[in-house]
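Visitor: Give me coordinates for this.
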Amino acid sequence: MTRKIGFIIDPLTSLNPAKDSTIAMMLAAQRRGWEIHAIQQADLFCAGENENISLHAGTAVIKLDPVLACKNSWYKLTSRQQIALTDFDVVMMRKDPPFDMEYINTTYLLDLAAQAGVLVVNPPAALRDFNEKMFITRFPQCCAPMLVSRDPVRLRTFVEQHGDVIIKPLDGMGGAEIFRLTPGDANLSVILETASRGGGKTLMAQLYIPAIMQGDKRILLIDGEPVPYALARIPAKGETRGNLAAGGSGKGVELTERDRWICSQLSDTLKAEGILFAGIDVIGDYLTEINITSPTCIRELDRQYSLDIAGDLMDAIAARLV
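Guide: Okay, the predicted model is just below:
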């Protein structure tokens, strides 16, 4: 029996075959002979009639060029279909943020699929409940001093208390709207007022960790177990953000004893919540974020260490389907 796997993604034309982790997952599924479907959020719908609810998706069935030779022709569309989502063995939620109401609405639809027995990776409820910034508060033993608040006065007090602080929005990605603040910053008040929208937007403040200059390490975990290497995202000159989207460069590093300890603190929770694929961020000795929406860095680590991270993930998924 051929397995069917659906990927809820951004438009295929927006994916970069040289870097995209979702494409690595698609290739790994294709090597196993699985049928690959690309799905847009707008193509999901449910209908109710005669006391029954059915969930459907419009899909594009694709074949990938195994060598990804050309940026503009890395896949071929073999057919378009409209099928019941319950016909899939697996649905991968790989839509990039923004984490807005349409993202949440998609998780509601995926709840119906999960309730009908489809394996959804990662689980819809976990995607809703575990914001990548807030999730770290479940593991205070791993974290640097922090504050979550939308009160500019309280945030200012935190900056004055700790001296050197990073603030960021809870719904940001790619290094957007991240500020480094010190008590002597002439723009401190206006930055806090602007970033918090005058007290209308919640922010996370964290003690600045100087080890960022050695890299913000992305560690990938499959079913709670870490890949043995991390991608250290090193800030560009004059930057404090290591995000690749903000100009950082990626360097592979072996996990330290502290990295492995942090992973061990998270492992049981990730497994209990059914989170098969997570990407955590570690700076120095501290956990700073846990990403379960669409973790990346597969391709970079595969190239540097001859790994098959997506293949390992597909093995973990296949084990759930037995």
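Visitor: Could you pull out the strands in the stretch 51-200 of the chain for me?
Guide: 52-64, 75-84, 90-93, 119-121, 146-149, 165-169, 179-181 (DSSP state E, counting those that start in this stretch).
Visitor: Dump those strands into a markdown table; add distance to residue 282 as well.
Guide: Every C-beta, even on glycine, is put in place using the N, C-alpha and C of the backbone. Output for the strands of the stretch 51-200 of the chain, formatted as a markdown table (distance: least, Cβ to Cβ, whole Å):
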| stretch | distance to residue 282 |
| --- | --- |
| strand 52-64 | 32 |
| strand 75-84 | 34 |
| strand 90-93 | 24 |
| strand 119-121 | 23 |
| strand 146-149 | 15 |
| strand 165-169 | 15 |
| strand 179-181 | 18 |
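Visitor: Quick one: closest of the ones you listed to residue 219.
Guide: Smallest distance to residue 219 across the strands of the stretch 51-200 of the chain (Cβ to Cβ): 18.3 Å, for strand 119-121.
Visitor: any idea which residue of this protein is furthest from its center?
Guide: Here the chain reaches farthest from its C-alpha mean at residue 50, the gap being 38.5 Å by Cα atoms, centre = their mean.
Visitor: Provide a list of residues in contact with residue 276.
Guide: Applying Cβ atoms under 8 Å, 6 or more residues apart in numbering to residue 276 gives the contacts 121, 122, 222, 223, 313, 316, 317, 320.
Visitor: Who does residue 4 form a beta bridge with?
Guide: According to DSSP bridges, the partner residues bridging residue 4 are residue 35.
Visitor: ok, what's across the strand from residue 179?
Guide: residue 167.
Visitor: Next, the contact list for the nearest residue to residue 15 once chain neighbours are set aside, please.
Guide: Leaving aside its sequence neighbours, residue 15 sits nearest to residue 23 (Cβ to Cβ, 6 or more residues apart in numbering; 5.8 Å). Residues in contact with residue 23 (Cβ under 8 Å, 6+ apart) are 15, 17, 64, 68, 74, 299.
Visitor: wait, residue 126 sits on residue 275?
Guide: Yes. Residue 126 is within contact range of residue 275, at 5.5 Å (criterion: Cβ atoms under 8 Å).
Visitor: Give me the common contacts of the two.
Guide: residue 292.
Visitor: correct me, but residue 32 touches residue 3?
Guide: Yes. Contact criterion Cβ under 8 Å: residue 32 and residue 3 qualify, at 7.3 Å.
Visitor: what's the overlap in contacts for these two?
Guide: Joint contacts of residue 32 and residue 3 (Cβ under 8 Å, 6+ apart) are residue 318.
Visitor: Can I get the strands of the stretch 51-200 of the chain in CSV including mean neighbour count?
Guide: Output for the strands of the stretch 51-200 of the chain, formatted as CSV (neighbours: other Cβ atoms under 10 Å):
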stretch, mean neighbour count
strand 52-64, 17
strand 75-84, 12
strand 90-93, 24
strand 119-121, 22
strand 146-149, 18
strand 165-169, 21
strand 179-181, 19
